[in-house]
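Participant: sequence plus the predicted model coming up.
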There are 2 protein chains.
Amino acid sequence: MKKLLIIGAGRSTSILIRYLEENAQKYGWEITVGDHDLQTVKARVLPATRAVAFDVFNEQQLNEEVQGADVVVSMVPARFHPLVALSCLKYSRSMLTASYVSPEMADMEAKAKSQGILFLNEMGVDPGIDHMSAMRVINRIREAGHDLLCFETFTGGLIAPESDNNPWHYKITWNPRNVVLAGQGDPARFIQEGKFKYIPYHRLFRRTELIDIEGYGKFEGYANRDSLKYIEKYNLQDVPTVYRGTLRRPGFCRAWDVFVQLGATDDSFTLQNTEEMTYKEFINSFLYYSREDPVKTKLYQYMHIDQDSDIREKLEWLGIFDDTRIGLKNATPAQILEHILCNKWALEPGDKDMLVMWHKFIYRSKGWEKPTLLTSSLVVTGDDPVNTAMAKTVGLPLAIATKMVLTGQIRLNGVHIPTIREIYEPILQELENYGIGFRENSRELNGE
Amino acid sequence: MKKLLIIGAGRSTSILIRYLEENAQKYGWEITVGDHDLQTVKARVLPATRAVAFDVFNEQQLNEEVQGADVVVSMVPARFHPLVALSCLKYSRSMLTASYVSPEMADMEAKAKSQGILFLNEMGVDPGIDHMSAMRVINRIREAGHDLLCFETFTGGLIAPESDNNPWHYKITWNPRNVVLAGQGDPARFIQEGKFKYIPYHRLFRRTELIDIEGYGKFEGYANRDSLKYIEKYNLQDVPTVYRGTLRRPGFCRAWDVFVQLGATDDSFTLQNTEEMTYKEFINSFLYYSREDPVKTKLYQYMHIDQDSDIREKLEWLGIFDDTRIGLKNATPAQILEHILCNKWALEPGDKDMLVMWHKFIYRSKGWEKPTLLTSSLVVTGDDPVNTAMAKTVGLPLAIATKMVLTGQIRLNGVHIPTIREIYEPILQELENYGIGFRENSRELNGE
């Protein structure tokens, strides 16, 4: 009887756990789910599943549980995966995550290999389904002998049109802290027509491009982190354009940029007196002093927001000019902004979210003058605020991969992401049973 | 016979060394000057001074030299002061620097006190003369029983009008790396009319104020780091406005902001292929891709720089659209920009620099309705590209303080900055002999 340990039962694990519990009955696995909040686990799992209060910093408990399992799925915050991985190395247990391969994780490659275990990362949606679906098309184009000229990919966790009732056309469907910090850190990097391009954080939300997805309307995309590191991973060394982006509804980025410009998304320092501060005073702390002008006027003046700009409606709808007390002690700007947004951008009962992914490929067939544009899009709608599109698209590929490791269908060693055919092909096929399938469009390009 | 050790003989130590050498003859001191480049030291010092090749990372040499001295002056880059300070703690030697008190330095307070030694920091011009001259006026205002309402202070290391022959009205008179990185890190912080204000780096150079100094024309000032930490140091807890700023000639900041907005001042990552890159390609790496538009057009478009803007002249004068090869390996944007600027903003033979400091105080006298505005300004002109105003104003206060420690006129223990009357009063008096004196103006304020 195979034993599976899942660490972390937070947001977006519902569908992961449900899938694995269903398969546990079929294959006779024993599942343990651990979380620092035992009640959360108990609410999530079936009676057959063992629920434990779990502290990832409790080395003894971590080692005992890892040793007692055959395979480990780590759903803890990404920065704690290395803790779990070290324990997995100690007891030669394979591990799966939905998170980016961190430098610490990458450094474990040799050790994982030598112990014959697999650390399979980036198994969620973005990163995850993006890799798998893109690699499938890229390999198909190449196997047909075509010359790939451009690869762009965009993903967004958004709100379904039927639940879209705010001027930002956005609600929070994943970690709200990451919503506020999105794009921070090193400049975004990509390559376009053979030119390396770098966008610093404070310009990121003004360098968007507009995308139209048939049947779902228009979106805007901004550059997502370091696209260059996927050139090697996808084997795209000879492709002049490689760009990864994040999708929002049009107008979101320009309004969000107001917070970026103010400094209101900064998480590196704490403001004075935040406990006493109101929303309006929070905004005012980033504005010039004036004896006469109200905060709202100063913000619009400072940011050049015209009277007829839709940015005004978005900002005012958030209540940032209200005298509401924040009530957080020693908070960073980012923490305060997250607090404000979590109230306004929360999923309401009955709300459905929407996960959108869009790939763009341009290739030239041998002997053809004009290149072909191939687009591939995925739109998944959530069932409700718990069984979200985000939970489905993060949880299902990770769950299927976990099943494949447990059943021996995946037999790899070392640190991997799902760019390998033996991983992505069966997973993409099975995902289609859950309504997670891509729709392609293709046409010849006629120049500009 | 007292022994003095000076570590570091780089830019702006010429006048420091000369002053101390002159006093060495009078007081019979023995001076050692150490630098990693022995030739630099030999060129700087008199025959009576001992010149040594010095490696601050050579712990044995550091300890031997510190032990052999009575007082140490550290002119090494600021981040290495703690190394010297640790050795000074070991042998109970007092030490002086012209640098900001770092957290590591502040942490040595108890140890320095218990050993009866002094670590006197911020003894240059900014920080240094600014503290001393401001504290003198602040104490005078308070001793007269007036109520201080506002304190603002600005300093700039600039070029003298007679040597000002470029459209930036700026040349490099101190560490060029710091010129490029100025303002980076935590947001600038200050308090205005009782409101705490925060300016992130990417807005800093657009939040300037215009200042007119009689006889020297107009300047613009931008916020300098954390003004809040001086509230306690200056004992200004009840003052509604406290602001420290940096001066440039009008128009500098707006043009400099173009590099900030591009991301060209970023020192946190290296660009691809910098060895092959030209100036123009460097700029282009931060711009959108276009099949037709030249780099210059794209920059002006992206940054909304109008045809009649003086920013165009400034940027073009720097040669940033030229096909000149950079020739630096694995360089950060900041390193490349420094390389470009060092060529264009270098002091030429015969050039004179200019150090400008300007304080603004507003106070209300008891029983008077209208407050008084008191301004205090200092302008120092350099003699030539070696004996710069920067070298004078950094070197002389530090040199005078060193003399006072050696002669026993300063008898303090612990970590200090020159906000104490027994330090600043004699130093400010002696500085006047060197033409470093403040000019005051005062008038009643009539409301807006």
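Facilitator: Received it, and whenever you're ready, just let me know what you need. Numbers count the residues shown, from 1 in each chain, chains lettered A, B, ... in the order given.

Participant: doesn't A:Y201 make contact with A:Q184?
Facilitator: Yes - A:Q184 is within contact range of A:Y201, at 5.5 Å (criterion: CB atoms under 8 Å). Any C-beta I mention is one placed from the backbone N, CA and C, and that applies to glycine too.

Participant: these two: which is more packed in?
Facilitator: Neighbours per residue (other CB atoms under 10 Å in any protein chain shown) separate A:Q184 from A:Y201, with A:Y201 holding more: 20 against 15.

Participant: just the pLDDT for that one.
Facilitator: What the model reports as pLDDT for A:Y201 is 97.

Participant: so what does it look like in phi/psi?
Facilitator: Dihedral pair for A:Y201: phi -50, psi -40, per degrees, to the nearest 10.

Participant: do you know how far it is from A:L406?
Facilitator: Going from A:Y201 to A:L406 by CB to CB, to the nearest Å gives 41 Å.

Participant: contacting residues for A:T32?
Facilitator: A:T32 makes contact with A:3-6, A:49-52, A:65, A:68-69, according to CB atoms under 8 Å, 6 or more residues apart in numbering or on different chains.

Participant: swap that for A:K329, please
Facilitator: With contact taken as CB under 8 Å, 6+ apart, A:K329 is in contact with A:274-275.

Participant: give me the element it is part of.
Facilitator: Following DSSP states H and E, one finds A:K329 outside all helices and strands.

Participant: residues from the stretch 251-400 of chain A in reach of chain B?
Facilitator: By CB under 8 Å from any CB of the partner chain, the residues of the stretch 251-400 of chain A that approach chain B are A:261-263, A:266, A:268-269, A:271-273, A:284-289, A:291, A:333.

Participant: mind running it again at 7 Å?
Facilitator: Taking CB under 7 Å from any CB of the partner chain as the test, the list of the stretch 251-400 of chain A residues beside chain B reads A:261, A:263, A:266, A:268-269, A:271-272, A:284-286, A:288-289.

Participant: just the ones of the residues you listed in helices?
Facilitator: A:261, A:284 (DSSP state H).

Participant: farthest-separated two in the residues of the stretch 251-400 of chain A next to chain B?
Facilitator: A:S268 and A:Y289 (23.3 Å; CB to CB).

Participant: could I get the residues of the stretch 251-400 of chain A next to chain B in a markdown table, plus columns for neighbour count and pLDDT?
Facilitator: Listed next are those as a markdown table, based on neighbours: other CB atoms under 10 Å in any protein chain shown; pLDDT from 0 to 100:
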| residue | neighbour count | pLDDT |
| --- | --- | --- |
| A:Q261 | 19 | 98 |
| A:G263 | 23 | 98 |
| A:D266 | 23 | 98 |
| A:S268 | 13 | 95 |
| A:F269 | 15 | 96 |
| A:L271 | 23 | 97 |
| A:Q272 | 14 | 96 |
| A:N284 | 22 | 98 |
| A:S285 | 23 | 98 |
| A:F286 | 23 | 98 |
| A:Y288 | 14 | 96 |
| A:Y289 | 15 | 95 |
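
Participant: so who does A:I15 touch?
Facilitator: By CB atoms under 7 Å, 6 or more residues apart in numbering or on different chains, A:I15 lies in contact with A:387, A:391-392, A:395-396.

Participant: same check, this time on A:P127
Facilitator: Contacts for A:P127 (CB under 7 Å, 6+ apart) come out as A:100, A:417.

Participant: what do you get if the cut-off is 10 Å, keeping everything else the same?
Facilitator: A:98-101, A:121, A:155, A:224-225, A:230, A:244, A:417-418 (CB atoms under 10 Å, 6 or more residues apart in numbering or on different chains).

Participant: same question for A:S102.
Facilitator: Applying CB under 10 Å, 6+ apart, we find A:S102 in contact with A:78-79, A:81-82, A:85, A:108, A:121.

Participant: and the contacts of A:I15 as a markdown table, adding secondary structure?
Facilitator: Output for the contacts of A:I15, formatted as a markdown table (DSSP: H, G, I helix; E, B strand; the rest coil):
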| residue | secondary structure |
| --- | --- |
| A:N387 | coil |
| A:A391 | helix |
| A:K392 | helix |
| A:G395 | helix |
| A:L396 | helix |
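
Participant: please identify which pair of those lies farthest apart.
Facilitator: Spanning the widest gap among those are A:N387 and A:L396, at 11.2 Å by CB to CB.

Participant: quick check: neighbours shared by these two?
Facilitator: Common neighbours of A:N387 and A:L396 (criterion: CB under 10 Å, 6+ apart): A:15, A:18.

Participant: look at those two and report which has more neighbours.
Facilitator: The residue with more neighbours, out of A:N387 and A:L396, is A:L396; 27 against 17, by other CB under 10 Å.

Participant: just for chain A, where's the confidence low?
Facilitator: In the predicted model of chain A, residues A:447-448 satisfy pLDDT under 70.

Participant: would you mind splitting it into its domains for me?
Facilitator: Using automatic domain parsing, the domain parsing of chain A gives A:3-121, A:129-255+A:349-384+A:436-444, A:270-331.

Participant: from the chain's centre, how far out does the second one sit?
Facilitator: Relative to its parent chain, domain A:129-255+A:349-384+A:436-444 has a centroid offset of 12 Å by CA atoms, centre = their mean, to the nearest Å.

Participant: for the shortest one, same thing?
Facilitator: Between the mean C-alpha location of domain A:270-331 and the chain-wide mean there is a distance of 29 Å, by CA atoms, centre = their mean.

Participant: which ones are touching the most centrally placed residue in chain A?
Facilitator: Against the mean C-alpha coordinate of chain A, by CA atoms, centre = their mean, the closest residue is A:D126 at 4.7 Å. Applying CB under 10 Å, 6+ apart to A:D126 gives the contacts A:98, A:153-157, A:224, A:244, A:246-247, A:355, A:357, A:390, A:393-394.

Participant: what's the helix or strand for A:M354?
Facilitator: Assigned by DSSP H and E, A:M354 falls in strand A:353-364.
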